[in-house]
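A.B. asks: Model the structure of this input:
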Amino acid sequence: MADARIQRLQPAIALAEKAEREAARVLGQCQQQLQGAVSKLEELERYRGEYQQQWLSMGRQGVTADWIQRYQRFLAQLDTAIGQQQQAVQMRRHQQERAALQWRARQGRLEALRKVIERYRAEAIHRGARAEQKQLDELVARSHWRRQP
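C.D. replies: Residues are numbered from 1 along each chain as shown. Prediction:
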């Protein structure tokens, strides 16, 4: 009986394992994309800081009004790019969080199915032990009755 119940659950286990592996793959992909977006943001911010340092050192030497306007335009473009990249990081972070939730849900379902199978196995072992004990008790009782005159 338990073996039949376990056998009926095998397709569900296989599907749950496949879903869990796919969710783990998606989560890994999302984590890589998030890390890439964060790295790009850090690179843009580092470049902006270096550009500002260059401007400060050149400003000490004297600059033209035209140079200041070009600097401000470029700095505004950098700030726009940084803002866009911050949005990209937020989007990737949200995707990664959703993927992590999905993976945990799939993992939980798989674990629940595995626990059911373990319970079925334990029940089968317990039933087998009880049946064996019953047979032994019957053998002892028969031998006892046979010995009596």
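
A.B. asks: And for R25, the neighbour number?
C.D. replies: Number of residues near R25 (other CB atoms under 10 Å) recorded here: 12. Placement of C-beta: from N, CA and C, glycine included.

A.B. asks: Any idea how far the host helix or strand of A131 is from the middle of the chain?
C.D. replies: Per DSSP states H and E: A131 is located in helix 65-147. For helix 65-147, the separation from the chain centroid amounts to 7 Å (computed by CA atoms, centre = their mean, to the nearest Å).

A.B. asks: Give me the helices and strands touching that helix, please.
C.D. replies: helix 2-61 (3 or more CB pairs under 8 Å, 6 or more residues apart in numbering; DSSP states H and E).

A.B. asks: Got phi/psi on G62?
C.D. replies: Main-chain dihedrals, G62, degrees, to the nearest 10: phi 100, psi 130.

A.B. asks: where's it relative to Q35, distance?
C.D. replies: From G62 across to Q35, the span is 43 Å (CB to CB, to the nearest Å).

A.B. asks: How much space separates the closest residue to M58 other than its chain neighbours from Q53?
C.D. replies: Nearest residue to M58, sequence neighbours excluded (CB to CB, 6 or more residues apart in numbering): W67, at 7.8 Å. Separation of W67 from Q53 (CB to CB) stands at 16 Å.

A.B. asks: Great, nothing more from me.
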